[in-house]
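Visitor: For reference, the sequence and a predicted model appear below.
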Amino acid sequence: MATRLGLIGDTQGRYSVDALLARAATIFRDVDEIWHAGDWEYEEVLDGLAKLKPLTVVNGNAPDDGRKPARVVREIETLRVGMVHRPPQPGDEWLRGLDICIHGHTHVWRDEVVERVRVINVSTATGLFGREKSGGILTLDAGRSDLEKVLFG
C-alpha cells in the first residue's frame, strides 16, 4: 500500500493564512501526512496543517524554533526518508544514510539525485521572493518514489 506525503515549506511573507490553509486542504485532501520543511513564520499555519493531517515539521531559520527537531528520518515503504531545512552539503554523512532528502530554505524547486540520494525541495507555497507558489505530493510505494508538483496559486 502506497504512502502519500504532502510536502510544503517556506510559508513566509505577506499572504492570507486562511487562504493558504484552504488551498492546502484541497491539495492535500488525499495524502496520508503533511511534511513542512521549515520556515513557517505564523504558528497558525502549523496549527491549521495539523488539523488537516498528521504533521511532521523541522526547524528552520524563520523562525528558529528549538521546540522543533533540526532533522527527521523515517522509514516509509522500505525507503529511508529524511527532512531538514537547509540543503545538505555534498559528502554530508547524514545524507548518505537516506534514500530521499527533503529540504527547504532556497525557495527553489529541486528534484535531483545527489550521491544516490533523491534530493527534493518543493520551493515555497507563498511565492516569497517572486517564486512560483508550489508544494508537492510525494508517493512512496514498495521502494519507489514519485513526486508531483502542485501549485498553491
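Guide: Looks like it came in fine.

Visitor: Tell me which residue of this protein is furthest from the middle?
Guide: With distances taken as CA atoms, centre = their mean, the residue sitting farthest from the centre of the chain turns out to be residue 91, at 21.9 Å.

Visitor: which residues does residue 58 contact?
Guide: Residues in contact with residue 58 (CB atoms under 8 Å, 6 or more residues apart in numbering) are 36-38, 68-72, 83-85. No exception for glycine: its C-beta is placed from N, CA and C like everyone else's.

Visitor: Then residue 77?
Guide: Neighbour list for residue 77: 2-3, 140-144 [criterion: CB under 8 Å, 6+ apart].

Visitor: How much space separates the spatially closest residue to residue 54 that is not a sequence neighbour from residue 53?
Guide: Nearest in space to residue 54, with sequence neighbours left out and distances taken as CB to CB, 6 or more residues apart in numbering, is residue 33 at 4.7 Å. Computed with CB to CB, to the nearest Å, the distance linking residue 33 and residue 53 is 6 Å.

Visitor: what does residue 103 give?
Guide: 20 Å.

Visitor: So between these two, which is more surrounded?
Guide: In this view residue 103 and residue 53 are compared by other CB atoms under 10 Å, and residue 103 has more residues nearby, 23 against 20.

Visitor: Wait, that one touches residue 89, no?
Guide: No: judged on CB atoms under 8 Å, residue 103 makes no contact with residue 89 at a distance of 10.9 Å.

Visitor: about what we covered before: among the contacts of residue 77, which one has the most neighbours?
Guide: When neighbours are taken as other CB under 10 Å, the top entry among the contacts of residue 77 is residue 140 (20 neighbours).

Visitor: Touching, it and residue 79? I think so.
Guide: Yes: applying CB under 8 Å as the test, residue 140 and residue 79 come out as touching, 5.6 Å apart.

Visitor: Check the contact lists of the two and give me the overlap.
Guide: Shared contacts of residue 140 and residue 79 (CB under 8 Å, 6+ apart): residue 100.
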